[in-house]
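Q: Give me a model of this one.
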Amino acid sequence: MSQHIENRSVEADLDTMTATKETLEDYTLRFAPRSYRKWSTGVVGISALGGIAYLADFAIGANIGMSYGTTNALWGILIFAVVIFVTGFPLAYYAARYNIDLDLITRGSGFGYYGSVVTNVIFATFTFIFFALEGSIMAQGLELGLNIPLPVGYAASTLIIFPLVIYGMKVLSKLQVWTTPLWLFLMVFPFAYLVISHPESVGDFFAYQGEEGNGAADFGSMLLAAGVCLSLIAQIAEQIDYLRFMPPRTPENKRRWWTWMVLAGPGWVIFGAIKQVVGMFLAVYLIANVADGAAIANQPVHQFLEIYENFMPGWLAMTLAVILVVISQIKINVTNAYSGSLAWTNSFTRVTKHYPGRLVFLVVNLAIALLLMEANMFDFLNTILGFYANCGMAWVVVVASDIAINKYLLKISPKEPEFRRGMLYAINPVGFVSMLVAAGISILAFFGVLGSAIKPYSPLVAIGLAVVLPPILAIATKGKYYLRRDHDGIDLPMYDEHGNPSDEHLRCHVCHHEYERPDMAACDTHDAYVCSLCLSTDKIADHVLPAHT
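A: Okay, the predicted model is just below:
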């Protein structure tokens with residue numbers, strides 16, 4: 001029996017060492033150490049904002065404008081922007097300050113070590129839905145510009161991403177920084193030209209009542225429009241995948257640190273909202289000025305092609321439109337693929353105690369996205385995004401509520417984040433139950449089960465429940481399920497004099513690599529230290545500290 005346990009322990013250690021080798025490139029499942037975070041605040045911020053280059057915002061803005069009219073759509077976009085900014089701020093701050101991704105934040109913010117697995121699945125779903133949406137837009141551009149059939153275009157838009165995502169943050173940061181100036185020029189210049197050369201289009205835009213001509217101001221329609229936009233709420237998780245590499249905040253860089261944290265964190269929604277308004281504006285212009293414009297008004301490639309053709313030869317207009325679509329698709333889908341592979345890998349590793357390699361789940365994520373594209377999900381965009389928004393809002397708002405209310409206001413939840421196995425309970429009902437209830441009831445409302453009167457208000461149902469349930473459950477449970485232990489067995493400070501995670505190095509006795517203090521815990525069976533990933537892949541819990549009694 002003891003020999004069997006020993007063999008299992010050796011197998012687990014070998015699996016852990018394999019995982020360690022693969023994750024050191026971008027610290028896939030763990031705290032991002034100071035020794036790796038060599039980028040400036042500006043480079044991290046620009047890289048994060050490069051991920052919002054997607055053209056889906058133009059399609060979303062066009063769709064809600066065509067469905068609900070300009071007035072309702074604009075109010076819906078405003079509601080969306082306010083909700084995203086307010087809920088995204090505490091999450092972005094935690095990621096940049098403590099250098100951990102949203103899954104690690106979620107674990108210690110009311111969900112528990114295994115409880116956050118369900119939120120990882122929600123996030124992974126977000127990445128392949130929006131990968132498929134962007135891939136569909138790129139395929140439309142390839143069909144229009146190069147006569148490539150849509151199914152072939154779907155495959156091409158998927159395969160081109162794979163080699164760019166293999167090497168993680170080092171390659172992605174260069175890609176985002178280098179392509180941003182060209183992307184901005186191709187997107188901003190034609191829109192500015194249209195407004196200046198066709199000033200009447202502004203009046204047409206504000207007067208537009210929607211395809212059915214009944215777009216008068218209506219609160220229910222505003223909320224339905226906001227619900228579609230709020231499907232983007234999980235975008236903050238992709239911003240955080242970059243923000244976790246922010247340098248330490250010091251008195252010397254404090255202003256720059258806060259500026260880029262806000263701009264690249266919750267501030268992404270400012271740029272997203274602008275793109276949605278522009279997409280709506282371009283759709284209205286096409287409907288009013290182009291024959292059969294309504295049929296193509298929600299397709300970004302046609303939106304920009306029609307404007308380019310106003311002031312340049314047709315061949316050049318087509319070329320630039322295709323280039324814009326391809327650059328935008330690559331900039332966002334490398335982030336979708338990267339973040340999705342992290343989410344799947346993180347969940348699988350925790351549940352099975354085995355690390356299969358991030359590239360395995362990169363393939364999985366891309367394959368699911370390709371299937372969605374081939375199923376023509378673009379034609380059902382509003383329904384898909386409206387449904388997904390309820391799940392995304394329930395997760396993100398619950399975490400934001402726990403940080404803002406339970407940690408800072410009520411001080412029931414531990415202020416510093418915790419993510420290591422052994423330090424957390426398997427499931428914390430505060431966040432886990434709150435999210436399931438908020439998502440479940442809002443989905444019922446979305447599909448009209450609770451009555452047609454409440455159907456438009458499903459976003460408010462999700463947000464309201466996600467805000468109030470975490471403090472209620474935290475008070476009811478007296479914060480009992482946040483920490484399984486209150487000390488990790490290491491008598492070294494976790495933070496430096498500025499409140500940044502310590503860069504003290506300790507050696508993991510399992511994988512024999514050195515890691516910084518926040519990633520380590522004492523080993524239960526040895527007088528040594530063990531890193532968080534080795535704890536995650538410990539199949540027999542040989543290294544996991546016992547609960548405090």
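Q: wait, doesn't residue 414 sit right on residue 406?
A: No: judged on Cβ atoms under 8 Å, residue 414 makes no contact with residue 406 at a distance of 9.4 Å. C-beta: built from backbone N, CA, C; applies to glycine.
Q: neighbour-wise, which of the two wins?
A: Ranked by neighbour count (other Cβ atoms under 10 Å), residue 414 and residue 406 place residue 406 first, with 25 against 16.
Q: nearest residue to the more buried one other than its sequence neighbours?
A: residue 413 (3.8 Å; Cβ to Cβ, 6 or more residues apart in numbering).
Q: For the one you found, give its distance to residue 548.
A: 17 Å (Cβ to Cβ, to the nearest Å).
Q: Between those two, point out the one with more neighbours.
A: residue 413 (26 against 9).
Q: Confidence-wise, which helix or strand of this protein is lowest on average?
A: helix 2-23 (a mean of 46; mean pLDDT, DSSP states H and E).
Q: which other helices and strands contact whichever helix or strand comes after it?
A: Helices and strands here follow DSSP states H and E; after helix 2-23, the next one along the chain is helix 41-50. Other helices and strands packing on helix 41-50, by 3 or more Cβ pairs under 8 Å, 6 or more residues apart in numbering; DSSP states H and E, are helix 169-197, helix 235-243, helix 254-264, helix 268-289.
Q: Report the contact partners of residue 425.
A: 112-113, 481-484 (Cβ atoms under 8 Å, 6 or more residues apart in numbering).
Q: With mean neighbour count and distance to residue 101 as added columns, please give the helices and strands packed on helix 41-50 in TSV.
A: Below are the helices and strands packed on helix 41-50 laid out as TSV (neighbours: other Cβ atoms under 10 Å; distance: least, Cβ to Cβ, whole Å):
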stretch	mean neighbour count	distance to residue 101
helix 169-197	15	12
helix 235-243	28	6
helix 254-264	18	15
helix 268-289	22	16
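Q: before we move on, the earlier item: ok, the contacts of residue 425 vs residue 402, which is closest?
A: The nearest member of the contacts of residue 425 to residue 402, counting by Cβ to Cβ, is residue 482 at 9.3 Å.
Q: how many neighbours does the closest one have?
A: Residue 482: 25 neighbours (other Cβ under 10 Å).
Q: That one looks like it's in a helix, true?
A: No: secondary structure of residue 482 (DSSP: H, G, I helix; E, B strand; the rest coil): coil, not part of a helix.
Q: ok, residue 118 to residue 74 distance?
A: Between residue 118 and residue 74 the distance is 34 Å, computed by Cβ to Cβ.
Q: Tell me which of these two has more neighbours.
A: Set residue 118 next to residue 74 and count neighbours by other Cβ under 10 Å: residue 74 wins out with 22 against 19.
Q: Not counting sequence-adjacent ones, nearest residue to the more buried one?
A: residue 277 (6.9 Å).
Q: isn't the one you found right next to residue 61, touching?
A: Yes: contact criterion Cβ under 8 Å: residue 277 and residue 61 qualify, at 6.1 Å.
Q: Check the contact lists of those two and give me the overlap.
A: residue 77.
Q: Provide the secondary structure category for residue 388.
A: Residue 388 - assigned by three-state DSSP - is helix.
Q: Now do it against residue 462, distance only.
A: Taking Cβ to Cβ, one finds residue 388 at 11 Å from residue 462.
Q: And the two? Which one has more around it.
A: residue 462 (32 against 23).
Q: Which secondary structure element is home to the more buried one?
A: helix 458-477.
Q: who's in contact with the next helix or strand after that helix?
A: Scanning forward in sequence from helix 458-477 by DSSP H and E, the next helix or strand is strand 505-507. The contact list for strand 505-507, computed with Cβ under 8 Å, 6+ apart, reads 35, 490, 492, 513-517, 520, 528-529.
Q: For residue 458, see how far away the closest residue to residue 450 other than its chain neighbours is.
A: Nearest-residue entry for residue 450: residue 444, 5.4 Å, with adjacent residues in sequence omitted and distances by Cβ to Cβ, 6+ apart. Distance check for residue 444 against residue 458: by Cβ to Cβ, it reads 8 Å.
Q: higher neighbour count, those two?
A: residue 458 (27 against 17).
Q: ok, now which ones touch that one?
A: 223, 227, 386, 390, 442-443, 445-446.
Q: need those residues in CSV with secondary structure, can you?
A: What follows is the contacts of residue 458, written out as CSV (three-state DSSP):
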residue, secondary structure
223, helix
227, helix
386, helix
390, helix
442, helix
443, helix
445, helix
446, helix
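Q: so which pair among these is furthest apart in space?
A: 223 and 443 (15.2 Å).
Q: In the contacts of residue 425, which residue is surrounded by the most others?
A: Busiest of the contacts of residue 425 [other Cβ under 10 Å] is residue 482, holding 25 neighbours.
Q: Let me see the contact set for it.
A: 108, 110, 412-414, 418, 424-425, 428, 430.
Q: And residue 261, by the same measure?
A: Contacts of residue 261 by Cβ under 8 Å, 6+ apart are 41, 45, 92-93, 96, 243, 246.
Q: for the residues you listed, which one is nearest residue 309?
A: Minimum distance to residue 309 across the contacts of residue 261 is 35.0 Å, recorded for residue 45 (Cβ to Cβ).
Q: any idea how far stretch 32-45 is from the chain center?
A: On the basis of Cα atoms, centre = their mean, to the nearest Å, stretch 32-45 sits 19 Å off its chain's mean C-alpha point.
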